[in-house]
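In: kindly return the folded structure for what I paste below:
(chains A and B)
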Amino acid sequence: QKEVEQDPGPLSVPEGAIVSLNCTYSNSAFQYFMWYRQYSRKGPELLMYTYSSGNKEDGRFTAQVDKSSKYISLFIRDSQPSDSATYLCAMRGFGNEKLTFGTGTRLTIIP
Amino acid sequence: DTGVSQNPRHKITKRGQNVTFRCDPISEHNRLYWYRQTLGQGPEFLTYFQNEAQLEKSRLLSDRFSAERPKGSFSTLEIQRTEQGDSAMYLCASSGLQGPWGNTEAFFGQGTRLTVV
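Out: Purely as a prediction, here's the structure:
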């Protein structure tokens, strides 16, 4: 079993919809949680970075962490065709520089 | 361009040949990472440097792989006697002591796509 599980999709939603992306994990040592966006044949781009449980909002993006359930989410409001990409969750423990990634969810926003 | 730079962007090589990739991190970043990503998967950690010291290596990094970061600036990743299973995107990332959210964050380069034929 992988340490981080993420539904690979693909996920298609109409423009303007709210998108919900999720990851579960098994390692209770994970303390830092990140979401990266990756366009085809490009490197991952950091979207959101949270520490421990709680919510963080940045523009149309909201990241949620529930450490008791070992579950993290990324919400995208007012989705745009330019949001079409693969979204990767990533996490690491305190004092540990190694990021453990999910497999990524491929998202398509339909105009 | 002040981002992480990787060269070459693409490399096609014959099985058994050696290849070397280069990564130039963001100039003020002291930490540098190498990851490997295969199609449909997330990046997998290979190794990590703090300045010139290689502090952690994954078990994925077989004896055919070697990484260096002389003088704590750019880094190279060499693969000897390449195999078809080495075909992947090789990603470099760097991070500094503190990011905008009060902690380090890793910025990735565009990657080097290796195809072994």
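
In: pLDDT score assigned to residue 66?
Out: Reading this off chain A. Here, the pLDDT recorded for residue A:66 equals 95.

In: wrong chain, I was asking about chain B
Out: For residue B:66, the pLDDT comes out at 96.

In: these two touch, right, it and residue B:78?
Out: Yes: with contacts counted by C-beta atoms under 8 Å, residue B:66 reaches residue B:78, the gap being 5.0 Å. C-beta: built from backbone N, CA, C; applies to glycine.

In: any figure for the gap between residue B:116 and residue A:2?
Out: The gap separating residue B:116 from residue A:2 is 26 Å, by C-beta to C-beta, to the nearest Å.

In: so for the two, which residue has more residues nearby?
Out: Higher neighbour count among residue B:116 and residue A:2: residue B:116, with 19 against 13, using other C-beta atoms under 10 Å in any protein chain shown.

In: the residue nearest to the spatial centre of chain B: what secondary structure?
Out: The residue lying closest to the centre of chain B (C-alpha atoms, centre = their mean) is residue B:34, at 3.0 Å. Recorded secondary structure, residue B:34: strand (DSSP: H, G, I helix; E, B strand; the rest coil).

In: and the pLDDT for the closest residue to it other than its chain neighbours?
Out: Among residues not flanking residue B:34 along the chain, residue B:46 sits closest, at 4.3 Å (C-beta to C-beta, 6 or more residues apart in numbering or on different chains). pLDDT for residue B:46: 96.

In: repeat for residue A:73
Out: pLDDT at residue A:73 comes out at 97.

In: OK, contacts around it?
Out: When contacts are counted by C-beta atoms under 8 Å, 6 or more residues apart in numbering or on different chains, residue A:73 touches A:20-23, A:63-64.
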